[in-house]
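> got a sequence here, can you model it:
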Amino acid sequence: MRIRILVLLVAVAVTGLAGVTVAPAGGATGLPANSSTGASPAGLSGFPALRCQDGAVAGAGPIKHVIYLQFDNVHLQRNLASVPSDLEQMPHLLSFINNNGTLLANDHTVLVSHTANGILTSLTSLYPDRQGQPVSNSYRYYKPDGTSGVGVSFAYWTDSVFDPTTPTPTDTSYNMITAEGRNDPAPWVPFTRAGCNWGAVGTANTVLENIGPDVPKVFGPGSPEAAEVASNPGQAFADFVGIAVHCAKGAAMCSTGNHGRPDVLPDEPGGYDGYQALFGHKYVAPQITSSLPLTDLSGNVIQDAAGHVGFPGFDGMFPSVTLSYVAQMQEHGVPVTFGYLSDAHDNHGVAGEVHRSYGPGEAGYVQQLRDYDRAFAEFFSRLERDGITKDNTLFVITTEEEDHFVGGTPLNPGCDGVTTPCQWTHVDCTTPSADCSHNVTEVNANLRGLLATQAGNTTPFQVHADMAPAFYLDGNPAADAPLTRRFERDAGSLTATNPITGQTDRLSDKLVDRVGMGPLHMLTGDPLRTPTFVDFLDDDYFGFTGPPDCTSPCVTAPGSWSHATFAWNHGGYTPDIVRIWAGLVGPGVQHRRDDATWVDHTDLRPTILTLSGLRDDYRHDGRVITEILDATAVPKSLQAHRATLKRLGAAYKQINAPLGRFGLDVIKINDAAVRASDEARYAQLAAALQQLGVDRNTIAARMRTLLEQAAFGNAAINEQEAKRLIAEAAALLARADALAASS
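Numbering: from 1, shown residues only. I've put the predicted structure just below:
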């Protein structure tokens, strides 16, 4: 979810940011520059490449439209065995996927599992070490005095670090940063180079996110738009944030007369001059409807809770709103659209102005899912009337993560929610004699207070508050510094009494320091944002920093609906959070459910591009999911040696994905090292882990080269080389398994 971070402050009109160093264009992440069209060279795609002209698809291929939708926290897994899951309660959506395409039920997130890095990994096919966001939805960065400031993950693609507490953050690196310290290539580029307008509806970092820095930068510091930020920030947020169209070169929609602005991408490989974009509802809406104000699918004017007509806020992106924008764009010359949809398990008020959690099967939760499903039914019917169907459109629908429900048990066990609403209490567990066993809440832990009172450790630090809090010790000490090592052991020793269960729990489940962050793709091109360590807590707990004592309880469960409440934890590595789903429908996609194929967020983009006949200017971390595609839909180079290619892809994921088999071993080994009281044991395990990481990187890089060349380079895999790499990966996994078992 987006609400629970300092992005709550971003509507404040911060008027400036430190500048960034603009690197020259070219080869940002390792592939030579693309052709000016963004299309694959002739013969690389099973289908002719997606090409557009003046808002219409001009290519001869079957795919005329691409619609990508990403939910916040919508579940395929059940949170209570008796209550149907979110997708089960949206039958129009679920049946659309099941009857017309493939439902991948073994998809996975990355670490740390949150909205921002989940979406950004999906958009880029890059793990967080190559796009800058392993810790999200916000992170911290070290300042010259050794303390740490706040960076918000949600910032426009070309923004530097956005710190809502200051107009001049000392870390001036790009927020979206490659391993080499440049700005990441943008996800719309292959499509706009192919002549297609690319629309974004609430999609992270592809739209303006924060009016203070973004509006003056895009429209000019002396512009009427910048003046509106100063005089009426609420309306400015509704006017300029959250909605965008990135246009093909020369597209009339984004002309200067229509308030189009230069689409500036300073580090785009091959350059990106002459492209324009529309930013904000104020300028997009008139181009996608002749009847203003724009309404949602239920006929309601799209506006925020205060009545500002326009973008309602990211937590107000209900399907009736998002799908209305998407449909309008598709109907008016934007054939490629990416949209974000708010979660279903929270009451967001009219347009995201409140946040109160529901329990599974609770009446409000069930009704909200009915509303979501009704919106999808109307959306699919409307598109079909427009001639936008499964036969000519590639639909990709997924979520960024799932959640762990923290609350107790319903007052009426066995309820299914649909016919018998589940009954829950919403009480503040700090109230004396409160019965919290049926509550909807999470358990909050004051880490500073617990460290001081239980371990006597008062070392200055800050955390990125989370179920997996990232610790930033003042002074930025080294991983093996005595101060760091003692602090980590003390953090790992903490206990907490759970107000819901009454049980005493070990607060910390797994500890990962900088040694383990490397193999888990958590070290970015900006070393200032690297935490000292990450503590994956017991999944019922949310860790934060409060007072350095427990005069007020250090462990609470504030579940009263008199204020914002939370009960759905994510950020951890457990299956109920990180195992997610993705549905693909359209030409070339098989019709079946796939519970077996192991994929993660990075695999969606190369699959979309392959079906569209397009390519990126960089190497992906993901691979094409050939298991669910018809052979005729992929290039001949992906048809050759198909069985070996499948084994190669599976082995690649298990050694390289953060939550593959190798990654899970890394977490276990690193935790044992960090908890070791014998420093020689720490050094031994750390050295072994570092060597495993080096060996993994070598094997994975060779695998990635074969996979990328087969998908986008018209070169079938060398079968003997592939088999050697598969064997090397198996040996590496055996080494990691053995070290994890002995740790």
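> which segments of the chain make up each domain?
Using automatic domain parsing, the domain parsing of the chain gives 71-130+186-205+245-250+304-418+570-634, 443-569, 640-743.
> most neighbours per residue, which of the ones you listed?
domain 71-130+186-205+245-250+304-418+570-634 (a mean of 22; mean count of other C-beta atoms under 10 Å). C-beta here means a position set from N, CA and C on the backbone, and glycine is covered the same way.
> for the stretch 451-600 of the chain, which segments count as strands?
461-464, 470-473, 495-497, 504-506, 508-513, 533-537, 541-544, 555-556, 568-569, 579-585, 592-594 (DSSP state E, counting those that start in this stretch).
> returning to what we had before: redo the domains of the chain as a markdown table? Include distance to residue 51.
What follows is the domains of the chain, written out as a markdown table (distance: least, C-beta to C-beta, whole Å):
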| stretch | distance to residue 51 |
| --- | --- |
| domain 71-130+186-205+245-250+304-418+570-634 | 5 |
| domain 443-569 | 34 |
| domain 640-743 | 17 |
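> closest to residue 143 out of these?
domain 443-569 (8.2 Å; C-beta to C-beta).
> how far off centre is that closest one?
Centre-to-centre, domain 443-569 and its host chain are 22 Å apart (C-alpha atoms, centre = their mean, to the nearest Å).
> next: stretch 185-200.
19 Å.
> first vs last residue of it, how far apart are they?
Using C-alpha to C-alpha, to the nearest Å, one end of stretch 185-200 lies 16 Å from the other.
> just checking, next helix/strand downstream of the helix or strand that contains residue 692?
If you go by DSSP states H and E, residue 692 is part of helix 679-712. Note on helix 679-712: by DSSP H and E, the next helix or strand toward the C-terminus is helix 719-742.
> need the pLDDT of residue 37.
Model confidence at residue 37, given as pLDDT, is 46.
> so what's the nearest residue to residue 657 once chain neighbours are set aside scoring on pLDDT?
Nearest non-adjacent residue to residue 657, counting by C-beta to C-beta, 6 or more residues apart in numbering: residue 600, 4.9 Å away. What the model reports for residue 600 is a pLDDT of 97.
> for residue 600, give me its contacts.
107, 108, 109, 110, 121, 622, 653, 657, 658, 659, 660 (C-beta atoms under 8 Å, 6 or more residues apart in numbering).
> including distance to residue 503 and secondary structure, could the residues you listed go into TSV?
Listed next are the contacts of residue 600 as TSV, based on distance: C-beta to C-beta, whole Å; DSSP: H, G, I helix; E, B strand; the rest coil:
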residue	distance to residue 503	secondary structure
107	33	strand
108	30	strand
109	28	coil
110	31	coil
121	35	helix
622	40	coil
653	36	helix
657	33	coil
658	30	coil
659	28	coil
660	32	coil
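> residue 683: which of the residues you listed is nearest?
residue 658 (24.5 Å).
> now do the contacts for that closest one.
Counted by C-beta under 8 Å, 6+ apart, residue 658 has contacts 110, 111, 127, 520, 521, 522, 600.
> would you mind listing the two of those that lie farthest apart?
Longest span within the contacts of residue 658, C-beta to C-beta: 522 and 600, 14.8 Å.
> can you tell me the centre-most residue of this protein?
The centroid of the chain falls nearest to residue 118 when counting by C-alpha atoms, centre = their mean (1.8 Å).
> quick one: the residue of the chain most remote from its centre and residue 556, what's the gap?
The outermost residue of the chain relative to its centre, with distances by C-alpha atoms, centre = their mean, is residue 433 at 40.0 Å. Distance of residue 433 to residue 556, given as C-beta to C-beta, to the nearest Å: 15 Å.
> what sits closest to residue 602 if chain neighbours are left out?
residue 622 (3.0 Å).
> got a markdown table for the contacts of residue 600, with pLDDT and distance to residue 64 too?
Shown next, in a markdown table, are the contacts of residue 600 (pLDDT from 0 to 100; distance: C-beta to C-beta, whole Å):
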| residue | pLDDT | distance to residue 64 |
| --- | --- | --- |
| 107 | 98 | 26 |
| 108 | 98 | 31 |
| 109 | 97 | 31 |
| 110 | 97 | 32 |
| 121 | 98 | 27 |
| 622 | 98 | 24 |
| 653 | 98 | 31 |
| 657 | 98 | 32 |
| 658 | 98 | 35 |
| 659 | 97 | 35 |
| 660 | 98 | 35 |
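> from the residues you listed, pick the one nearest residue 535.
Distances from residue 535 to those, taken as C-beta to C-beta, are shortest for residue 658 (16.6 Å).
> how near is that closest one to residue 244?
As judged by C-beta to C-beta, residue 658 and residue 244 stand 29 Å apart.
> spatially nearest residue to residue 595, not counting backbone neighbours?
Using C-beta to C-beta, 6+ apart, the closest residue to residue 595 is residue 105 (4.6 Å).
> packing partners for the stretch of helix or strand that neighbour belongs to?
Remark: residue 105 resides in strand 101-108, with elements defined by DSSP H and E. Counting contacts by 3 or more C-beta pairs under 8 Å, 6 or more residues apart in numbering; DSSP states H and E, strand 101-108 is packed against strand 579-585, strand 592-594.
> hmm, who's touching it?
Contacts of strand 101-108 (C-beta under 8 Å, 6+ apart): 76, 94, 97, 390, 395, 398, 578-586, 589-601, 603, 625, 628, 657, 659.
> cool, and stretch 385-398?
Outside stretch 385-398, the residues that reach it (C-beta under 8 Å, 6+ apart) are 62-71, 93, 96-97, 100-101, 107, 122, 327, 330-331, 383, 580-587, 589, 604, 608, 611-612.
> list every C-alpha atom in it, with coordinates, as CSV.
Taking Å, rounded to 0.1, in the frame of the first residue of the first chain, the C-alpha atoms of stretch 385-398 are listed here in CSV:
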residue,chain,number,x,y,z
ARG,A,385,-18.1,-3.1,-27.7
ASP,A,386,-15.0,-1.1,-28.8
GLY,A,387,-13.5,-4.1,-30.5
ILE,A,388,-10.8,-4.4,-28.0
THR,A,389,-10.8,-8.1,-27.2
LYS,A,390,-8.7,-11.1,-26.2
ASP,A,391,-8.2,-11.7,-29.9
ASN,A,392,-6.3,-8.4,-30.5
THR,A,393,-5.2,-7.2,-27.1
LEU,A,394,-2.5,-8.4,-24.7
PHE,A,395,-3.8,-8.2,-21.1
VAL,A,396,-1.4,-8.6,-18.2
ILE,A,397,-3.1,-8.4,-14.8
THR,A,398,-1.1,-8.9,-11.6
